[in-house]
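Colleague: I would like the atomic coordinates for the input below:
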Amino acid sequence: MSSIRESIYEDLEFYFPEQFINPLSQSYWRQQKQKVLAQLNAIITGEDHSEEIDRIDTMTRQNTKIKNFYGKESEELKYENDFETYCIILADHANQPVKTLSVKEYFSLRKFVEGKNKRK
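Modeller: Here you go, the predicted structure:
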């Protein structure tokens with residue numbers, strides 16, 4: 001399941017970057033790159049880089065917001081509610097039921113409607 005989800009998300013990032021690229025995740029991967037480089041330097045040079053690695057680990061833990069997937073405030077429930085709301089909003093702009101659109105069609109229509117509303 002996770003590989004399918006990742007594949008879909010990668011496609012959505014490609015087609016709709018303004019909605020799916022998270023600047024925090026880019027920061028996260030920059031930090032991870034720094035950590036790996038520090039670890040490699042420690043291996044190659046034999047020097048102690050543990051302070052730098054610990055600093056990056058601490059920053060990562062502090063900057064990572066763990067999402068809630070349980071209860072009334074769960075991300076899944078929020079996503080489902082947002083989807084239903086968008087289906088109602090998008091219904092006036094589609095020539096078929098919104099829930100029958102493909103994922104790409106859904107987000108293209110959503111982008112179109114959001115752009116149209118910004119121009120007003």
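
Colleague: Please count neighbours and contacts with C-alpha atoms only from this point.
Modeller: Fine.

Colleague: And the residue of the chain most remote from its centre, how close does it get to residue 57?
Modeller: In the chain, residue 46 marks the outermost C-alpha relative to the chain mean, sitting 37.1 Å out by Cα atoms, centre = their mean. Taking Cα to Cα, to the nearest Å as the criterion, residue 46 is separated from residue 57 by 20 Å.

Colleague: for residue 63, same thing?
Modeller: 10 Å.

Colleague: Same check on residue 39?
Modeller: 12 Å.

Colleague: Break this protein down into its structural domains.
Modeller: Partitioning the chain according to automatic domain parsing yields domains covering residues 1-66, 70-120.

Colleague: Pull the contacting residues for residue 86.
Modeller: Each residue near residue 86 by Cα atoms under 8 Å, 6 or more residues apart in numbering is listed here: residue 110.

Colleague: those helices in this protein, which residues are they?
Modeller: 2-15, 17-20, 23-45, 50-63, 75-90, 103-119 (DSSP state H).
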